[in-house]
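> sequence and predicted model, in that order:
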Amino acid sequence: MTEHVLSYMVFIPLAGMLVVLCLPSDRHDLIRWVSAAATVPPLLLGIWLYANFDTTTTSMQFVERAAWIPAFNIEYYVGVDGLSVSMLLLTALLSFLCIFASWGIDKGVKGYFALFLLLDTGMTGVFVALDFVLFYVFWEVMLLPMYFLIGIWGGPRKEYAAIKFFLYTLLGSVLMLVAILALYFYSEPNTFDMTKLMDRSNLYGTEPLAMWPFNVWGWGFQHVVWMALFIGFAIKIPAFPFHTWLPDAHVEAPTAISVILAGILLKMGTYGILRINYPMLPEATADLAFWFLAALGAWNIVYGGLCAMAQTDMKKLVAYSSVSHMGYVMLGMAAFNTQGINGAVLQMFNHGCITAMLFLLVGVIYDRAHHREINGFGGLAGIMPVYAGFTALAFFASMGLPGLSGFVSEVLVLLGAWPKYHALTIVAALGIVITAGYMLWMMQRVYLGPPNEKYRDLPEINGREIFTLFPLGAIVVIVGVYPRVVLDLLQASLNNINQMVISHLS
Amino acid sequence: MDLGNLASLKLFHPEIVLAGTIILLTILDLVVANKRLMAYVGLAGCLVALGATAELYGTEPTLLFHRMVALDNFALFFKVLTLVALIAAIWMSIGSGEVKQVHLGEYYIVMLTCGFGMFFMASGSNLLMAYLGLELVSLTSYILTGMLPHNRRSAEAALKYLIYGGVASGTMIYGMSWVFGMAGSLDYAAINAAMAQGDGNQTGLFIAFVFILAGFGYKMAFAPFHMWSPDVYQGAPTPFTGFLSVASNAAGLAILIRFFYPAVSTLGQEGSWTFQAFSAVQWTDLLVALSIVTMTWGNLAALNQNNVKRLLAYSGIAHAGYIMMGLVVLNNDGLTAMLFYVVVYLIMNLGAFLVVMVVANATGREDMEAYRGLAQRGAAFPAVCMAVFLFSLTGLPPLAGFIGKLLIFAAIIEGQFYILAVVALINTVISLYYYVRIVRTMFLDDPTPEDGPVATTFSAVPLLGVLMVLTVVLGVYWGPLLDYSTGSLGFFMQ
């Protein structure tokens, strides 16, 4: 049983999807419960994985491998290190909670939950795959269900948002495919095995290519491959200027899908950079990190924050706040020291929880009032006190209030970045002020002040909604008070990744 | 081995079976009133021929009929492909409402004859034989395209096809005559020997080869010889369009590979080929340019199409461009990738046309609006299948089309044609847009009241199921098909 734990985590949702497809389409509750049941084993296995994970070693654990296509040396090869386990936990938890957040979907229930479970398989697969082709397949498997989930169950501009998301991410992934194939043919003997490719990281050429414009920039093979991968990942993060799909997709998607998008899909971008760009292309990483990770990250922080401040739609505000907060991840990992990289990955985890809460909270109010205009409310705290309490927790966590999880990761990132990039760190610290600005301003306009008469009878947050919010809130507090629950998991693996690049820093 | 006429007949039974079926059908057409029977006889004949072909697979490569026809795995691969396409097309025709209007007897006879011609396109080892095969395919295609009675589009398409075809084959045979003049023979081995001496007139050879490429390219719908394809796709009866889109493409590829590889190139170390006809002009540059133009043109033109058959025609042109990338690298990896791609393309494209037929049967329309909200109009299964085929055509994993593209891209990246790779990838992204347009219409748009229910043609369901399952399975486990493609690269060399 335990030697296949990762496969179970990946494929149980897929099995759930097949079961759902066989159910009669008018038995809505049955479909919902079956889907929920399919997301429970991955969550339990994730917790088991967390408990049994050896935090002292840097090698891949719970490895499974089997030949898949021998002619091309393609394997079914999965395994986890600390970085993947943290993301895996987040995926399992959010998938489980999002089933309950989707309970209110009553159009095409069968299709929705089937696609959702397929999406779950794709996401889990990405975080465990150690074979490049397997990684790519899982990466792309997420696209199809996402397209339909946004396109069918989304808001008024769903079709535009869905195709935009699809085209952007496909553009990114085809560039990634070229990079994967280039690495495959560059390695000798040819392999898609990611761990082997990491071991051979010194073999990828860094001599400037003879072709314009690479000869001017001094880019070698390694740099070009790095860039192709980076664009693919940057679209997912999303880093400026590839972020424009995000506000559209987030705003139009149904609540649960926004949660998945912001909580997990965005993390795949930074996960990919840490998993692939750092260990496989360390020299290029060292050369390009300043402009494309640190500076772009700082720019993301400020740009996303300022955009968020200008929004009047709550969901759009949260969407832009994601752009801003993912900037900390990029800045932190470009610091190449323990605080920076640990802070970055902790920020990935924390942002996953916090932004999920924010989207769920917006969903709660949208279900009741059927709009999300920030200026259309007022005094909700008096009408829905419990709801306002959860909102306050999420807002303060997002702002980085000490004692909550966002604070720890942001401080670690800033501490890590300071010795290397003074100016950028100051800019990034300004971002915290901007965050506080738009969050408090939204708080004031929506929850404080005189109650809006129109909404005097809004029902209080119900049990199901509390059930989806409470675990996330608990994690926010626990990690805020005692961050070692996550940091211990990450330390060894991240240190290992860091070391690979540090030797190439000039 | 080089066999004479009588000795050859022993290794010729697929063709004999097929020819026998055609004759039998001709006779049956005169005596049988129930024309459905014709379809079943044709189907049975194809199945027997398929069995006979499969049985020959792996026999020692041989030249039949005094070096006219080659019997090798490569030819057998394409014969199997042709027969599979024929079987699927006949099966589709049984359920097609459009085909009911035509003279069924002639329809099946001419269709089988078309397949018969493709056999010789794949196996001809003499320019004359190859040309005859190609002409037989062309003539029967003109007839089938124009077969719909009282349909102006069908008649117009047939005439266009005929004129383009006439010009293309005239050009090609003119090029062949130059080759004959310089090599002194039409036999592939003799041409190869003459080219190996390398003392031919460079300009003359270049012109001759471009002319021949134009003829072959016309069959595969390479730009700029693709003009016939959208009209023919739209005008011809849908089952035949499906057949034409895959089988004619495959046969064109077969004749092209057999001529440009074993006939005029030499196989070197580790599966790499050297093109030896001329060296003054970079042959690969020409192919790269042709491939880029073809795929880009096809994809851009497809963006704005409102008729699904026409859209699929442009998508077919784009796919011809993708397939052609395998030629550029001049090695066996590229050839394997092309063979693999053709099989996958056959599966997904036939599937797409089958759905087009189902919709046309129910609504009598082929435009995009006919697909509005298809999933909610009682045709959820065809709609889901169509989505699978279209995403596979785009090249998304875990579907077969992705693996086809992966192999081709792998070949060109190994050959370090990075610019071609990037252009092709951007084309993939462009193509997503128009394929998804159909998916969006089917799933995201709600049907209007005047869109009636769509009853799924009963006979189409099993075939759709098979094609969809194959599309998914080959996307996940494609080792066996890859081995089959690799194994089919045995050419008869001498």
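Good, I have the coordinates.
> near chain A at all, stretch B:469-478?
Yes - judged by Cβ under 8 Å from any Cβ of the partner chain, stretch B:469-478 and chain A are in contact via B:477-478. C-beta here means a position set from N, CA and C on the backbone, and glycine is covered the same way.
> can you dump the C-alpha coordinates of that stretch into CSV?
Below are the C-alpha coordinates for stretch B:469-478, written out as CSV (Å, rounded to 0.1, in the frame of the first residue of the first chain):
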residue,chain,number,x,y,z
VAL,B,469,-11.0,5.2,-27.5
LEU,B,470,-8.2,4.8,-29.9
THR,B,471,-7.5,8.6,-29.7
VAL,B,472,-7.2,8.5,-26.0
VAL,B,473,-5.4,5.1,-25.7
LEU,B,474,-2.8,6.0,-28.2
GLY,B,475,-2.2,9.2,-26.3
VAL,B,476,-1.4,7.3,-23.2
TYR,B,477,0.2,4.2,-24.5
TRP,B,478,1.7,4.6,-27.9
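> can you pull the buried residues of it?
Neighbour-count burial for stretch B:469-478, counted by 16 or more other Cβ atoms under 10 Å in any protein chain shown, picks out B:470-471, B:474-475, B:478.
> can you tell me the SS state at the most centrally placed residue in chain B?
Centroid-nearest residue in chain B, with Cα atoms, centre = their mean: B:Asn249, separated by 2.3 Å. Applying DSSP: H, G, I helix; E, B strand; the rest coil to B:Asn249 yields a three-state assignment of helix.
> any idea how far B:Lys10 lies from B:Pro61?
15 Å (Cβ to Cβ, to the nearest Å).
> residues from chain B in reach of chain A?
Near chain A, when you scan chain B using Cβ under 8 Å from any Cβ, you find B:391, B:396-398, B:402, B:406, B:409-410, B:413-414, B:418, B:421-422, B:425-426, B:428-429, B:432-433, B:436, B:440, B:443-444, B:477-479, B:482-483, B:486.
> from those, which would you call buried?
Buried among those by 16+ other Cβ under 10 Å: B:391, B:396-398, B:402, B:406, B:409-410, B:413-414, B:421, B:425-426, B:428-429, B:432-433, B:436, B:440, B:443-444, B:478, B:482, B:486.
> could you list the low-pLDDT ranges of chain B?
Within chain B, the stretches with pLDDT under 70 are B:1, B:280, B:492-494.
> try it again at 80.
Within chain B, the stretches with pLDDT under 80 are B:1-2, B:198-201, B:268-271, B:276-281, B:490-494.
> and what about the residue in the stretch 251-400 of chain B that chain A sits nearest to, helix, strand or coil?
Per Cβ to the nearest Cβ, the residue of the stretch 251-400 of chain B with the smallest distance to chain A is B:Pro397, at 4.3 Å. Of the three states, B:Pro397 takes coil under three-state DSSP.
> can you tell me which residues contact it?
A:136-137, A:140-141, B:403, B:475 (Cβ atoms under 8 Å, 6 or more residues apart in numbering or on different chains).
> thinking again about what came up before, out of the buried residues of stretch B:469-478, who's nearest chain A?
Nearest to chain A among the buried residues of stretch B:469-478, with distances taken as Cβ to the nearest Cβ, is B:Trp478, at 6.6 Å.
> what's the spacing between that closest one and B:Pro398?
In terms of Cβ to Cβ, B:Trp478 sits 10 Å off from B:Pro398.
> also A:Asn452?
50 Å.
> list the residues that contact the residue of the stretch 251-400 of chain A found nearest chain B.
For the stretch 251-400 of chain A, the residue closest to chain B is A:Glu252, as judged by Cβ to the nearest Cβ, at 11.7 Å. A:Glu252 is in contact with A:150, A:154-158, A:160-162, counting by Cβ under 8 Å, 6+ apart.
> give the helix, strand or coil label for A:Arg32.
helix.
> now A:Pro241
coil.
> count of neighbours near it?
By other Cβ atoms under 10 Å in any protein chain shown, 10 other residues sit near A:Pro241.
> show the pLDDT at it.
Among the per-residue scores, A:Pro241 shows a pLDDT of 87.
> let me see the contact set for it.
A:Pro241 neighbours (Cβ under 8 Å, 6+ apart): none.
> now do it against A:Trp299, distance only.
A:Pro241 is 10 Å from A:Trp299, by Cβ to Cβ.
> now the buried residues of stretch B:469-478 as JSON lines including secondary structure?
Formatted as JSON lines, those follow (three-state DSSP):
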{"residue": "B:Leu470", "secondary structure": "helix"}
{"residue": "B:Thr471", "secondary structure": "helix"}
{"residue": "B:Leu474", "secondary structure": "helix"}
{"residue": "B:Gly475", "secondary structure": "helix"}
{"residue": "B:Trp478", "secondary structure": "coil"}
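> can you show me the strands along chain A?
Here chain A has its strands, by DSSP state E, at A:61-69, A:74-80.
> which residues touch the last one?
Yep, that's strand A:74-80 we're talking about. With Cβ under 8 Å, 6+ apart, strand A:74-80 has contacts from A:6-7, A:10, A:49, A:53, A:60-68, A:88, A:125, A:127-131, A:133-134, A:192-194.
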